[in-house]
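1. got a predicted structure here, sequence first:
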Amino acid sequence: MSYWRAAGLNYVNYSNIAAKVVRRVLKPELQANASKRDETHVKFTPWVKGKPSKPGQ
Amino acid sequence: MMMISKPTTMVVCLKGAAAGQQQNRNMATLKQISMRLKSVTNIQKITQSMKMVSAAKYARAERELRQARPYGEGVKAFYEKSGATEAVDDGNNNKLIVAITSDRGLCGAVHTNVAKTIRNELGAEAVESPQSKVFCVGDKSRALLQRLYAQNIAVVANEVGRKPPTFLDASKVANELIQLDFNSGKIVYNRFKTVVSYQTEEVPLLSAKTMLAAPKLQLYDSIDQGVMESYQEFTVAALLYYTMKESACSEQSSRMTAMDNASKNAAEMIGKLTLTFNRTRQAVITRELIEIISGAAALE
């Protein structure tokens, strides 16, 4: 078992963290472009029994 | 003299009243037509600028789609080569359907097609105890499915479609997805073909167990459970990224076509309305002239 999985991460989290770190150490001229890939706006609403429940519940 | 003139004035009065009424009505329609004309022109301006915007967005989406395609193709190739298709029956019959749409409308039938495919899939399934769960990406699929299949909806992701999807978006969706308990799943999305055509397709989402049980897995080297688990998690994110890109591209191209058609229709309507407007105006002028002339003739 890999160390990151032992820490409770899955592969997607792990590779995203790795990607974030790589983006952060890029040269400034490349970083401007790469930082655009670093944002996300998606919001989630779990539904229970056909009704939306509050996010984070 | 009086006896003769009285009926004549009466007739003139009546005629005048009737003409006034008619004239009033025509004046009103003239105004109405011009108002209508103005609003249609405004709508045409809006649809034209929306078309320009989506054309720019489409160009970008298509460029990005080309880079995103290997993600999807890689996973599809793995599914094909390893022969991992049938879900392993492990007593967990939960199915998951992911609807890839966006929050935005006015783009033809892209979202409706996805919703329709899912509706056919869910079909006559028991509404009360749903075995298939639906993961809605984008508000449009939620809006289209919630009336009949609200019980099936597990999670809704919104704020999709304003900006082009990033891998981070896809991985957030993937994280939510992995947490759901499902044995087999699929993603329903619109595959972009050309500017004017797209196709609603589905791609299977397999669990790690199914992948490990694939008949031709020995084609691949050094695979153990840990590797497969990681790879399965990655395939979910990669497939989502790929399908989101495909969907975004089809949506923009479809919006472009829809807005182009809307502009064309508006232009057609403007032509017709202008014709009616001019005809009505000419009719009003002609009637007024006739009235003046006949009035003058009556006075002579």
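-> Done, it's in. Numbers count the residues shown, from 1 in each chain, chains lettered A, B, ... in the order given.

2. list the contacts for the residue nearest to the spatial centre of chain B?
-> By CA atoms, centre = their mean, chain B has its centre lying nearest to residue B:107, at 3.6 Å. Contacts here follow CB atoms under 8 Å, 6 or more residues apart in numbering or on different chains; on that basis residue B:107 touches B:54, B:251-252, B:254-255, B:258. (Glycine included, C-beta is placed from N, CA and C.)

3. again with residue A:17
-> Counting by CB under 8 Å, 6+ apart, the residues that residue A:17 touches are residue A:9.

4. which SSE is it in?
-> Assessed by DSSP states H and E, residue A:17 sits inside helix A:11-24.

5. can I get the CA coordinates of that helix in PDB?
-> Below are the C-alpha coordinates for helix A:11-24, written out as PDB (Å, rounded to 0.1, in the frame of the first residue of the first chain):
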ATOM      1  CA  TYR A  11      -5.000   8.400  -6.600                       C
ATOM      2  CA  VAL A  12      -7.000  11.400  -8.000                       C
ATOM      3  CA  ASN A  13      -6.300  13.500  -4.900                       C
ATOM      4  CA  TYR A  14      -2.700  12.400  -4.900                       C
ATOM      5  CA  SER A  15      -2.100  13.300  -8.500                       C
ATOM      6  CA  ASN A  16      -3.900  16.600  -8.200                       C
ATOM      7  CA  ILE A  17      -1.700  17.600  -5.300                       C
ATOM      8  CA  ALA A  18       1.300  16.500  -7.300                       C
ATOM      9  CA  ALA A  19       0.100  18.600 -10.200                       C
ATOM     10  CA  LYS A  20      -0.500  21.600  -8.000                       C
ATOM     11  CA  VAL A  21       3.000  21.400  -6.700                       C
ATOM     12  CA  VAL A  22       4.500  21.100 -10.200                       C
ATOM     13  CA  ARG A  23       2.500  24.100 -11.300                       C
ATOM     14  CA  ARG A  24       3.700  26.100  -8.400                       C
END
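
6. mind listing what's buried along it?
-> Across helix A:11-24, burial judged by 16 or more other CB atoms under 10 Å in any protein chain shown covers A:11-16, A:19, A:23.

7. and whichever helix or strand comes after it, what does it pack onto?
-> Of the helices and strands lying after helix A:11-24 in sequence (DSSP H and E), the nearest is helix A:28-34. With contacts taken as 3 or more CB pairs under 8 Å, 6 or more residues apart in numbering or on different chains; DSSP states H and E, helix A:28-34 sits against helix A:11-24.

8. what's the offset of the helix it packs on from the middle of its chain?
-> Centroid separation between helix A:11-24 and its chain, computed with CA atoms, centre = their mean, to the nearest Å, is 8 Å.

9. and the average pLDDT for that helix is what?
-> Mean pLDDT, helix A:11-24: 92.

10. and the residue nearest to residue B:107 when sequence neighbours are not counted, which of the three is it?
-> Excluding its sequence neighbours, the residue lying closest to residue B:107 (CB to CB, 6 or more residues apart in numbering or on different chains) is residue B:255, at 3.7 Å. Put simply, residue B:255 is helix when judged by DSSP: H, G, I helix; E, B strand; the rest coil.

11. please look at residue B:255 and residue B:109 and confirm they touch.
-> No - the pair residue B:255 / residue B:109 is not scored as a contact, 11.2 Å apart, by CB atoms under 8 Å.

12. which one of these two has more residues nearby?
-> Just comparing residue B:255 and residue B:109: by other CB atoms under 10 Å in any protein chain shown the higher neighbour count belongs to residue B:255, 23 against 14.

13. next one: that one from chain A, what distance?
-> Computed as CB to the nearest CB, to the nearest Å, the residue B:255 to chain A distance reads 20 Å.

14. check residue B:189 too.
-> Per CB to the nearest CB, residue B:189 is found 16 Å from chain A.

15. just residue B:134 next, same as before
-> To chain A, residue B:134 is 9 Å away according to CB to the nearest CB.

16. and of the buried residues of helix A:11-24, the nearest to residue A:54?
-> Proximity of those to residue A:54 (CB to CB) peaks at residue A:13, which lies at 23.9 Å.

17. can you report how many residues neighbour the closest residue to that closest one other than its chain neighbours?
-> Nearest residue to residue A:13, sequence neighbours excluded (CB to CB, 6+ apart): residue B:175, at 6.9 Å. Neighbour count for residue B:175, taken as other CB under 10 Å: 17.

18. work out for me the element residue B:175 sits within.
-> Residue B:175 belongs to helix B:167-179, assigned by DSSP H and E.

19. now find how far off-centre that helix is within its chain.
-> 24 Å.

20. can you list contacts of stretch B:50-59?
-> B:106-107, B:164, B:195, B:249, B:252-253, B:255-256, B:259-260, B:263.
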